[in-house]
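1. quick one, structure for this:
(one chain, ligands or ions: 1)
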Amino acid sequence: MDKIERLLLENKAWAQSKVDGDPEFFKKMAVDQKPEYLWIGCSDSRVHPAEITNSDPGVMFVHRNIANLVVHTDMNFLSVLQYAVNVLKVRHIIVCGHYNCGGVKAALSTQSLGMINNWVRNIKDAYFTHKAEVEQISDPVLKLNRMVELNVIEQVKNLAHTSIVQKSWNDETIPFVHGWVYDLNNGRLKPLITIQPGSEIDSAYRYDFKS
Ligand code: CO
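-> Numbers count the residues shown, from 1 in each chain. A predicted model of the protein is given here:
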């Protein structure tokens, strides 16, 4: 059987199994979504947010790109963020990176990759910020994996620097912003950082909403 046909066949089997488990499953699912989480993850095929957290459909609003970046000029990402925060009112935002990330690996190398250089440049900026620490690590695997962690932490900070998150902190004291990293070798998630609503933001990035 063609592999693409197999996907469609598996979908039929999955939908049927859901109905077998709960005849009202899709009826309930179709009404509305009220996800508690916004997940910002890498596009890597091995890191499926719902799969690795055992989450049902409807639990997570998801944005994925190469190396789980929060880029303040990315209209696609900003639209997802604004909708998740202002309309869905998610309680938690999770930035999840993963060890051995190809995007981060590319940022640590001098290899030119064409157009994608411009995306990876965002990770290079994080690398530049933390170069003194990262360059002290001689083992290439440990060096890459520490940069993966630092990249997650930088993206969490980028979230806290958006006016969307700061306005929500001001008005509703949500969302909490978390940075996690996923280990491909054992399937475990490791928390790296949490920024609480209302945390102090450097004045360079802080917005004042009082008139
Ligand atoms: Co990746």
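2. in three-state terms, label the most centrally placed residue in the chain for me.
-> Nearest to the geometric centre of the chain sits Ile40, at 1.7 Å (C-alpha atoms, centre = their mean). Classification of Ile40 by DSSP: H, G, I helix; E, B strand; the rest coil places it in strand.
3. does it touch Val71 like I think?
-> No. With contact defined as C-beta atoms under 8 Å, Ile40 does not count as touching Val71 (10.8 Å). Glycine gets a C-beta too; all of them are placed from N, C-alpha and C.
4. hang on, the earlier thing: and the residue nearest to the centre of the chain, what does it touch?
-> By C-beta atoms under 8 Å, 6 or more residues apart in numbering, Ile40 lies in contact with 63-64, 68, 70, 77, 93-96, 155, 159.
5. if we use 10 Å, what do you get?
-> Applying C-beta atoms under 10 Å, 6 or more residues apart in numbering, one finds that Ile40 lies in contact with 49, 61-65, 68-70, 77, 80-81, 84, 93-97, 152, 155-156, 158-159, 177, 179.
6. please apply the same query to Val85.
-> Val85 neighbours (C-beta under 10 Å, 6+ apart): 38, 61, 93, 159, 162, 164-165, 167-169, 172, 174-175.
7. may I ask which helix or strand encompasses Asn151?
-> helix 140-160 (DSSP states H and E).
8. with just CA atoms, put the next helix or strand after that helix into PDB.
-> Heading C-terminal from helix 140-160, the first helix or strand you meet, by DSSP H and E, is helix 163-172. Extracted C-alpha coordinates of helix 163-172, given in PDB (Å, rounded to 0.1, in the frame of the first residue of the first chain):
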ATOM      1  CA  SER A 163       3.600  43.600  24.600                       C
ATOM      2  CA  ILE A 164       1.100  40.900  24.200                       C
ATOM      3  CA  VAL A 165       2.300  38.900  27.200                       C
ATOM      4  CA  GLN A 166       3.000  42.100  29.300                       C
ATOM      5  CA  LYS A 167      -0.500  43.500  28.600                       C
ATOM      6  CA  SER A 168      -2.000  40.200  29.700                       C
ATOM      7  CA  TRP A 169       0.100  40.200  32.900                       C
ATOM      8  CA  ASN A 170      -1.100  43.700  33.500                       C
ATOM      9  CA  ASP A 171      -4.800  42.900  33.000                       C
ATOM     10  CA  GLU A 172      -5.300  39.200  34.000                       C
END
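9. low-confidence ranges, this protein, go.
-> By pLDDT under 70, the weakly predicted segments of the chain are 211.
10. how about the residues of it that lie near the ion?
-> In this structure, the chain approaches the ion at residues 42, 44, 101, judged by C-beta under 5 Å from the ion.
11. kindly give a single ChimeraX line that selects the buried subset of the residues you listed.
-> Selection command for ChimeraX covering only the buried members of those, criterion 16 or more other C-beta atoms under 10 Å:
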select :42,44,101
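12. can you put the residues of the chain next to the ion in JSON lines and add distance to Leu7?
-> Supplementary listing: the residues of the chain next to the ion in JSON lines, determined by distance: C-beta to C-beta, whole Å:
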{"residue": "Cys42", "distance to Leu7": "22"}
{"residue": "Asp44", "distance to Leu7": "19"}
{"residue": "Cys101", "distance to Leu7": "26"}
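13. closest to Trp14 out of the residues of the chain next to the ion?
-> Asp44 (22.1 Å; C-beta to C-beta).
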